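Engineer: got a sequence here, can you build the structure:
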Amino acid sequence: MTTILLKHLATQLDTLPPALESLYKKCNRNSKRPDFSQLVESIFACAKEFSSVLVLLDAFDECDETQQYDILSLIRSVIDISMSVFVTLRPHVLGRFQELQPTVLGITAQEASIQMFLAARLESKRFNKTLTARIIDAISPDAQGR
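Structural biologist: Next up is the predicted model:
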């Protein structure tokens, strides 16, 4: 994830920060990958070139434990620079962010949206309209915005 973020930042710049060029040459010469702290330093170097940076991390709860740990480490590292980080996740994972004192916005699907989604998915199954309506009526109220 850190390499992807670094790539996105670096490709938006006209010239690379000297620290990133130096890291690239060092790693290339030694046939090594940069470690996490070197990547974070490079992200800082690139981020300083922008007036602000917005990072959106979708489906944090779908990452494995190691990835979640790395992502949280990165967020802790960038919290003091002009970088805003938005993370989507399911409520059961929110506890991992408590030390960061996040602003939490609850988002839930409306029943009409769930019904539209189900209707579109069931259309390809070629059920008759009565069965499709029964399935939608049975599932959508139980989804409760999830």
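
Engineer: only C-alpha atoms for contact and neighbour calcs from this point on.
Structural biologist: Fine.

Engineer: quick one: pLDDT of the one residue sitting closest to the centre of the chain?
Structural biologist: Centrality entry for the chain: nearest residue to the mean C-alpha point is Leu57, 1.3 Å, by C-alpha atoms, centre = their mean. Per-residue pLDDT puts Leu57 at 88.

Engineer: and Ala47, by the same measure?
Structural biologist: What the model reports as pLDDT for Ala47 is 90.

Engineer: thinking again about what came up before, residues in a beta bridge with the residue nearest to the centre of the chain, which ones?
Structural biologist: Beta-bridge pairing for Leu57 (DSSP bridges): Val87.

Engineer: and the helix or strand hosting Ser37, how far out from the chain's middle?
Structural biologist: Assigned by DSSP states H and E, Ser37 belongs to helix 36-47. Mean C-alpha position of helix 36-47 versus that of the full chain (C-alpha atoms, centre = their mean, to the nearest Å) differs by 18 Å.

Engineer: now that helix - C-alpha only, PDB.
Structural biologist: Extracted in PDB, the C-alpha atoms of helix 36-47 (Å, rounded to 0.1, in the frame of the first residue of the first chain):
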ATOM      1  CA  PHE A  36       8.700   0.700   5.400                       C
ATOM      2  CA  SER A  37      10.400   3.700   7.100                       C
ATOM      3  CA  GLN A  38      12.200   4.700   3.800                       C
ATOM      4  CA  LEU A  39       8.800   4.500   1.900                       C
ATOM      5  CA  VAL A  40       7.200   6.700   4.600                       C
ATOM      6  CA  GLU A  41      10.000   9.300   4.300                       C
ATOM      7  CA  SER A  42       9.600   9.300   0.600                       C
ATOM      8  CA  ILE A  43       5.800   9.800   0.900                       C
ATOM      9  CA  PHE A  44       6.600  12.800   3.200                       C
ATOM     10  CA  ALA A  45       9.000  14.200   0.600                       C
ATOM     11  CA  CYS A  46       6.500  13.900  -2.200                       C
ATOM     12  CA  ALA A  47       3.600  15.200   0.000                       C
END
